[in-house]
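Q: model the structure of this input:
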Amino acid sequence: MGKASVRENKNIYQITRENLSLTREEASDIIGGLSADKIGRIETEKTLPEAADVLLMARGYKAPHLCNYFCSCECVIGQEYVPCIEKENLPAIVLRLLSSLASVNDEKETLISITADGKIESDELVKFVQIQKDLEEISATSEALRLWCQQMIAQGNINTKEYNKLRNQSN
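A: Residues are numbered from 1 along each chain as shown. Modelled structure (predicted):
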């Protein structure tokens, strides 16, 4: 293996590759479609990665979190609409989701009362914004669960065919 970089401020792409103990050449072979030179330019931030590059790295490194990072931190549209999801373990995700669901469940009558007339009055705005934040927390937690599943699939801990079959079944 080549000499490890001692560069400070490594980006997520370089850290992920180095955590796998891969040289850029080995990474290029695993990824397919990205040259070692392009990987180097992305890692040294001489070139911004394209979405397709990140998708290749995420698949090759078995690191789906790279896609969320790219969308939430590097894509102009994603920065506006995609929450940055931190990698968490399953129990933490489930507990956070249950807590968020309980909060919204407690607020559902208030939400109905606020929105029944189709407009948000000034005196209702504070509570409405809080409910909206709670709903966004549910959405982010749901995405964390999806990211966790993708990681387990990438690592071979969940049967991909069975998982996809069950996901695609009609209810």
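Q: going forward, measure contacts and count neighbours with C-alpha atoms only.
A: Fine.
Q: how distant is stretch 95-104 from the center of its chain?
A: Between the centre of stretch 95-104 and the centre of its chain there are 19 Å (C-alpha atoms, centre = their mean, to the nearest Å).
Q: what sits up against it?
A: With contact meaning C-alpha atoms under 8 Å, 6 or more residues apart in numbering, stretch 95-104 is reached by 131, 134-135, 137-138, 141-142.
Q: recalculate using a threshold of 10 Å.
A: 90-94, 105-107, 110-111, 130-142, 144-145 (C-alpha atoms under 10 Å, 6 or more residues apart in numbering).
Q: and stretch 142-153, by the same measure?
A: Defining contact as C-alpha under 10 Å, 6+ apart, one finds that stretch 142-153 is touched by 58, 62-65, 67-68, 82-90, 92-94, 96-97, 136-141, 154-161, 163.
Q: and for stretch 83-90?
A: 65, 68-73, 78, 93-94, 96, 136-137, 139-145, 147-149, 151.
Q: quick one: that stretch to chain centroid distance?
A: The mean C-alpha position of stretch 83-90 is separated from the chain mean by 7 Å, C-alpha atoms, centre = their mean.
Q: which parts of it are buried?
A: 83-85 (16 or more other C-alpha atoms under 10 Å).
Q: first-to-last residue distance for it?
A: 19 Å (C-alpha to C-alpha, to the nearest Å).
Q: got it, and stretch 152-164?
A: This stretch, stretch 152-164, spans 13 Å end to end (C-alpha to C-alpha).
Q: let the chain start at 50 from now.
A: Will do, 50 is the new start, and the previous item becomes stretch 201-213.
Q: in it, which residues are buried?
A: For stretch 201-213, the neighbour count (16+ other C-alpha under 10 Å) marks 201-203 as buried.
Q: centroid-nearest residue for this structure?
A: Central residue of the chain (C-alpha atoms, centre = their mean): Asn117, 3.3 Å from the mean position.
Q: now the buried members of the contacts of stretch 132-139.
A: Counted by 16+ other C-alpha under 10 Å, the contacts of stretch 132-139 give 114, 117-122, 127, 142-143, 145, 186, 189-194, 196-198, 200 as buried.
Q: ok, the residue nearest to the centre of the chain to Val103 distance?
A: 10 Å.
Q: again, but for Ile161
A: For Ile161 relative to Val103 (C-alpha to C-alpha), the value is 42 Å.
Q: over to Lys136?
A: Applying C-alpha to C-alpha, the value for Lys136 to Val103 is 17 Å.
Q: what about Ile161 and Val103, which has more around it?
A: Per other C-alpha atoms under 10 Å, whichever of Ile161 and Val103 has more neighbours is Val103, with 22 against 10.
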